[in-house]
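K.L.:
this is a predicted model, with the sequence first.
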Amino acid sequence: MNVIRAKEIKDDPVMQDVYYNGKPIFINDVNDDTQQATVRYTKEAEDFFVVDVTKLTEQR
């Protein structure tokens, strides 16, 4: 995924199917400068963590 698409998904009121390491995630924030996203797994009560947006995948 790229930064532009990650920002579109973050700003979309409809939850999109985005995955990190095969698990569904929620995008909380996207940093243009570092090209990283702050995310958390949707099915687990974990804290947010930072990943490269290129590691995120979208299932349409």
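P.N.:
Yes, it's here.
K.L.:
nearest residue to Lys43 in space, please, no chain neighbours.
P.N.:
Pro24 (6.3 Å; C-beta to C-beta, 6 or more residues apart in numbering). Any C-beta I mention is one placed from the backbone N, CA and C, and that applies to glycine too.
K.L.:
partners of the one you found in the sheet?
P.N.:
Judged by DSSP bridges, the bridge partners of Pro24 are Tyr19.
K.L.:
same question for Val51.
P.N.:
Using DSSP bridges, the beta-bridge partners of Val51 come out as Ala37.
K.L.:
was I right to think it contacts Tyr20?
P.N.:
Yes. With contact defined as C-beta atoms under 8 Å, Val51 reaches Tyr20; the gap is 5.7 Å.
K.L.:
which one's more surrounded, those two?
P.N.:
Tyr20 (20 against 15; other C-beta atoms under 10 Å).
K.L.:
is it correct that the more buried one is in contact with Leu56?
P.N.:
Yes. Tyr20 lies in contact with Leu56 (C-beta under 8 Å); the separation is 5.6 Å.
K.L.:
who touches both of those two?
P.N.:
Common neighbours of Tyr20 and Leu56, using C-beta atoms under 8 Å, 6 or more residues apart in numbering, are Val39.
K.L.:
check contacts around the residue nearest to Lys43.
P.N.:
With contact set as C-beta under 8 Å, 6+ apart, Pro24 has these partners: 17-18, 41-43.
K.L.:
kindly provide the distance from it to Thr42.
P.N.:
Note on Pro24: its distance to Thr42, by C-beta to C-beta, to the nearest Å, is 5 Å.
K.L.:
next, the contact list for the residue positioned nearest the centre of the chain, please.
P.N.:
By C-alpha atoms, centre = their mean, the mean C-alpha position of the chain lies nearest to Ile27, the distance being 3.7 Å. Taking C-beta under 8 Å, 6+ apart, we find Ile27 in contact with 6, 9-10, 18, 37-39, 56.
K.L.:
got the CA positions of whatever helix or strand it lives in in CSV?
P.N.:
Using DSSP states H and E, Ile27 sits within strand 23-31. Output of strand 23-31 as CSV, limited to C-alpha atoms (Å, rounded to 0.1, in the frame of the first residue of the first chain):
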residue,chain,number,x,y,z
LYS,A,23,-4.4,-9.9,10.6
PRO,A,24,-7.1,-7.1,10.2
ILE,A,25,-6.0,-3.7,11.4
PHE,A,26,-7.4,-0.2,12.1
ILE,A,27,-5.3,2.8,10.8
ASN,A,28,-5.2,5.5,13.4
ASP,A,29,-2.7,7.9,11.7
VAL,A,30,-0.4,8.2,8.7
ASN,A,31,2.9,10.1,8.6
